[in-house]
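>>> The following block contains a protein sequence and its predicted model.
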Amino acid sequence: MTNPLTPKQRTKLARQEMPVQAPDVRRRDFDEVNLGLTVIQAHTEAARCLECSHPKCVEGCPVGVKVKEFVELIYDGDYLGAAAKIREDNVLPAVTGRVCPQEDQCEGHCILGKRFAPLGIGYLERFVADYESAHGQLALPPIAPATGQRVAIIGSGPAGLSAAGDLVLKGHAVTVFEALHEPGGVLIYGIPEFRLPKAIVRREIDNLRKLGVRFETNVVIGKTIAIDELLGDEGFDAVFIATGAGLPKFLGVPGEHLAGVYSANEFLTRVNLMNANKFPDYDEPVYDCRDRIVAVVGGGNTAMDAVRTALRLGARRAMLVYRRTEAEMPARAEEIQHAKEEGVELVTLTTPLEFLGDDTGRLRAARCQRMELGEPDESGRRSPVPVEGATFELPMAVAIIALGTGANPLVQSTTPDLATDERGYIRADDETLQTSKPGVFAGGDIVTGAATVILAMGAGRKAATAIHAFLNRQSKGHDRDSGHQV
Ligand code: FAD
Ligand code: SF4
């Protein structure tokens, strides 16, 4: 069916609003905030697309999802066809439709955005992925005949999962080793239920299991077993390292050891993965936020996730303490808006100098420094400059530090011939993701530093292609030493 509207008529259609749970209800539960477009909304939104001959939206997508084609299929009412079209380039559409920073990617490049609101590409992606799962019609793709070759994947975040999916389809036997007790990486332990329901991630992992991917949880590579053992006695032919960047960064100020001070990673993991929000039904301690003042230090998506989680745990006040202003916050605009609607307080131009405890060693306050904006720094944002003599005490019982993360170091430190950069990230070839160690590839946050779900998935796919080529060469008689060096 051809969209009969002229381009002018299309631009007159308003971008469809995402239905959301009411702020005063959702601030106290963990149910998903965004509810998804209705069929009529999805059809209307799809009708807005200008069907550009050179679609800029595709250039903005790190994995090149065929946006124009899948939107046309939605307009035609072929939702399963649209989902299949997305899956050609993106194996986790229900995830990326929810968590991709579309405003910087596809939607940021959409030509409509020059004068009107850009097409709601993320909303439409989520719509078809949810339609597909509601109708239970995901057709598992055909699997190539078994090659007899075995690949070990270390880490089960989006990079590891997408590599696993592609490699198993090529006929290789794939085992994913995960340090935690449940696979999914940040999708499971980091991003909270109210933004990304865990059932969605578990369903995608089950699909991979159905394709034949094996998951071995509670296995810490570098401790339980080393990479050299995987390639030696364990008989794997290649290894893909996708261990992410989960090492928390702290402020480095006095008092960070006090009870009640957490890293965002620890706090979110205790809630998301270990059910601390269901205490005392679940025996996982997280210092009870109920009726207490909680301050999260930082201004990115992780900070936003932590502060909104604290609110849902019953915090009396949930504050975001950030050293610049709201305009410089790196978090997505939608997350900032949702947080404010829910009652999160933004304490901007402020940074803690010291955490102060009571007689029992529990946090009671932070001594803070007032800041002002100075000249732009290397990030292009105006830099925070201390206002001389302007310090004050901010009462708080729980502080959560969300200042970003660094490379998980264990695999690198137990694999001597694996080259790393000065920050401890693994060096890998841009195109093949081959590391300095023959037969070993690496991708996702452990190579790039903390990035995004879609970039990690893109790296997983790239690695799968390169590993497949490497295994083909091996089976034709070349040995591992033919893997080129970085
Ligand atoms: P990860 O997802 O970090 O997975 C790595 C896995 O490896 C983990 O499960 C870890 O346990 C495992 N592992 C580590 N070491 C070992 C070992 N030695 N042995 C075995 N297993 C090991 N991105 C977005 O695009 N949108 C968002 O909204 C968004 N929100 C975020 C919110 C939070 C709280 C955080 C922390 C990140 C967020 N990100 C978001 C970033 C995004 O989640 C990451 O860029 C992405 O998950 C990186 O994928 P990865 O596969 O490289 O690593
Ligand atoms: Fe449609 Fe925007 Fe892509 Fe053009 S750039 S094809 S209007 S989504």
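It's in. Ligands and ions are numbered 1, 2, ... in the order given.
>>> Model confidence score at Val447, please.
At Val447, the pLDDT value in this model is 97.
>>> and it, which of the three is it?
Here Val447 is helix, with the state taken from DSSP: H, G, I helix; E, B strand; the rest coil.
>>> And Phe240, by the same measure?
Secondary structure, three-state DSSP: Phe240 is strand.
>>> What are the structural domain limits within this structure?
Split into domains by automatic domain parsing, the chain comes to 7-134, 150-246+406-475, 250-403.
>>> centre of the chain versus the shortest one, how much separation?
So the one you mean is domain 7-134. Relative to the centre of its chain, domain 7-134 is centred 18 Å away, using C-alpha atoms, centre = their mean, to the nearest Å.
>>> One more: the longest one?
For domain 150-246+406-475, the distance from its own C-alpha centre to the chain's C-alpha centre is 15 Å (C-alpha atoms, centre = their mean).
>>> do it and ligand 1 meet?
Yes - shown here: domain 150-246+406-475 in contact with ligand 1 (C-beta under 6 Å from any ligand atom) through 154-160, 177-180, 185-186, 190-191, 220-222, 242-244, 246, 408, 410-411, 444-446, 450-454, 456. C-beta: built from backbone N, CA, C; applies to glycine.
>>> residues in contact with the residue nearest to Gly60 when sequence neighbours are not counted?
Leaving out its chain neighbours, the residue that sits closest to Gly60 by C-beta to C-beta, 6 or more residues apart in numbering is His109, at 3.2 Å. In this structure, His109 makes contact with Lys56, Cys57, Glu59, Gly60, judged by C-beta atoms under 8 Å, 6 or more residues apart in numbering.
>>> Tell me the residues on the stretch 301-450 of the chain that lie near ligand 1, please.
Residues of the stretch 301-450 of the chain that fall close to ligand 1, judged by C-beta under 6 Å from any ligand atom: Asn301, Thr302, Asp305, Asn408, Leu410, Val411, Gly444, Asp445, Ile446, Ala450.
>>> quick one on the thing from earlier: highest average neighbour count across the domains of the chain?
Mean neighbours per residue, mean count of other C-beta atoms under 10 Å, is largest over these for domain 150-246+406-475, with a mean of 21.
>>> Can you give me the end-to-end span of that domain?
Its start and end residues considered, domain 150-246+406-475 measures 12 Å (C-alpha to C-alpha, to the nearest Å).
>>> what does stretch 232-242 give?
End to end - C-alpha to C-alpha - stretch 232-242 spans 20 Å.
>>> what residues does that stretch touch?
Stretch 232-242 has contacts (C-beta under 8 Å, 6+ apart) with 149-157, 159-160, 163, 175, 185, 225, 227, 230-231, 411, 426, 433, 435, 439-444, 446, 456, 459-460, 463-464, 467, 470-471, 474.
>>> Span of stretch 429-436 from start to end?
9 Å.
>>> State the mean pLDDT of that stretch.
In this model, stretch 429-436 has a mean pLDDT of 96.
>>> do the same with stretch 258-277
Stretch 258-277 shows a mean pLDDT of 89.
>>> Repeat that for stretch 291-307.
The predicted model assigns stretch 291-307 a mean pLDDT of 96.
>>> How far does that stretch stretch from one end to the other?
Counting by C-alpha to C-alpha, you get 14 Å between the two ends of stretch 291-307.
>>> Next: stretch 440-453.
22 Å.
>>> Among the contacts of His109, name the ones in helices.
Judged by DSSP state H, the subset of the contacts of His109 located in helices is Lys56, Cys57, Glu59, Gly60.
>>> now the residues you listed as JSON lines including distance to Glu378?
Output for the ones in helices among the contacts of His109, formatted as JSON lines (distance: C-beta to C-beta, whole Å):
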{"residue": "Lys56", "distance to Glu378": "28"}
{"residue": "Cys57", "distance to Glu378": "29"}
{"residue": "Glu59", "distance to Glu378": "26"}
{"residue": "Gly60", "distance to Glu378": "24"}
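>>> Just put the domains of the chain in TSV and tack on distance to Pro141.
Formatted as TSV, the domains of the chain follow (distance: least, C-beta to C-beta, whole Å):
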stretch	distance to Pro141
domain 7-134	8
domain 150-246+406-475	6
domain 250-403	30
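>>> which residues does Pro330 contact?
Contacts for Pro330 (C-beta under 8 Å, 6+ apart) come out as Gly299, Gly300, Asn301.
>>> Could you find the closest non-adjacent residue to the one residue in the stretch 201-350 of the chain that gets nearest to ligand 1?
Residue of the stretch 201-350 of the chain nearest ligand 1, by C-beta to the nearest ligand atom: Gly244 (2.2 Å). Distances taken as C-beta to C-beta, 6+ apart place Asp445 nearest to Gly244, at 4.5 Å, with adjacent residues excluded.
>>> Surely the one you found is in contact with Ala245?
Yes - Asp445 is in contact with Ala245 according to C-beta atoms under 8 Å; the separation is 3.9 Å.
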